[in-house]
Structures are given as C-alpha cells and as structure tokens.
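S.K.: sequence? don't have it. structure:
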C-alpha cells in the first residue's frame, strides 16, 4: 500500500519557521520526483516546490529564497524547510510523488498525501 504521510505543520507567528516532513512507503522512492503543494480555503491548490530524483529543485516565485525542499532517499523522506513565514503561506500542505517531474510541475501526481495544516498568524 502506497502511503505519503505529512507531518510538522502547526501554528507559527509571521517571520517564524517550520519544517515539514513527508514519509513515503509502498513504492520505490528514489525512482520518483517529489513535490509539495498547498491549498488555502477558497483557493486552488498551487505548487510550492519540487525535487527530481537527482536533487534538481524548482520553486514557486512566492517562496523562492524562503523555502527549501530536500530529500533523503535512504530514509524515504522529503522535507520542506520554511523560513520567514508570512500569513499568505497559510494553508494545507500536501506531499506528492510522480515518476515524471514535468507532471509535478503541472500540478499532477500519481500519489498524494492527506496533508498537514500550516497557519501563520500573530
């Protein structure tokens, strides 16, 4: 059974930091590109960051310089380090996996997690 389990969300003040984790199981992790997406209430889901099998990364303009995606193939975990958080970063963050990086860049994925909530508020 394929599972993507996100953790690390919570309530943080503006300017603060969080690190999200996504633990993968049930598929060959190092053969997949991974991504983080988010969705705020009343808004469409948007891509935040993606990482290819070889470690190449891509970020949404809104998070460049503040967020860092990384992966640990041995542990089958993908991380999202989020710094200098803003209220507009609030939303449910989802982990996703696909063999094709281009599909992730288009917002498509074979596997999705259940999400973890991030709230940035004073």
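M.R.: Thanks, I have it. It should be emphasised that the depicted structure is a prediction, and the values quoted were computed from it without experimental measurement.

S.K.: List the buried residues in the lowest-mean-pLDDT helix or strand in the chain.
M.R.: The least trusted helix or strand in the chain, going by mean pLDDT, DSSP states H and E, turns out to be helix 101-105, with a mean of 95. Buried residues in helix 101-105, counting neighbours by 16 or more other Cβ atoms under 10 Å, are found at 101, 103-104. For glycine as for every other residue, the C-beta is placed from the backbone atoms N, C-alpha and C.

S.K.: Which pLDDT does the model give residue 41?
M.R.: Residue 41 is assigned 89 on the pLDDT scale.

S.K.: Can you get me a residue count around it?
M.R.: 7 (other Cβ atoms under 10 Å).

S.K.: check contacts around it.
M.R.: residue 91 (Cβ atoms under 8 Å, 6 or more residues apart in numbering).

S.K.: Could you report the distance from it to residue 90?
M.R.: To residue 90, residue 41 is 9 Å away according to Cβ to Cβ, to the nearest Å.

S.K.: So which residues of this protein form strands?
M.R.: 3-7, 10-12, 18-25, 33-39, 46-51, 57-59, 67-72, 77-82, 91-98, 111-112, 116-120 (DSSP state E).

S.K.: Who does residue 24 form a beta bridge with?
M.R.: Judged by DSSP bridges, the bridge partners of residue 24 are residue 4.

S.K.: Was I right to think it contacts residue 112?
M.R.: No: the criterion here is Cβ atoms under 8 Å, and residue 24 misses it with residue 112 at 11.5 Å.

S.K.: okay, and the common contacts of the two?
M.R.: Common neighbours of residue 24 and residue 112 (Cβ under 8 Å, 6+ apart) are 4, 95.

S.K.: So these two - more neighbours on which side?
M.R.: Set residue 24 next to residue 112 and count neighbours by other Cβ under 10 Å: residue 24 wins out with 23 against 16.

S.K.: Find me the pLDDT at the more buried one, would you?
M.R.: pLDDT, residue 24: 98.
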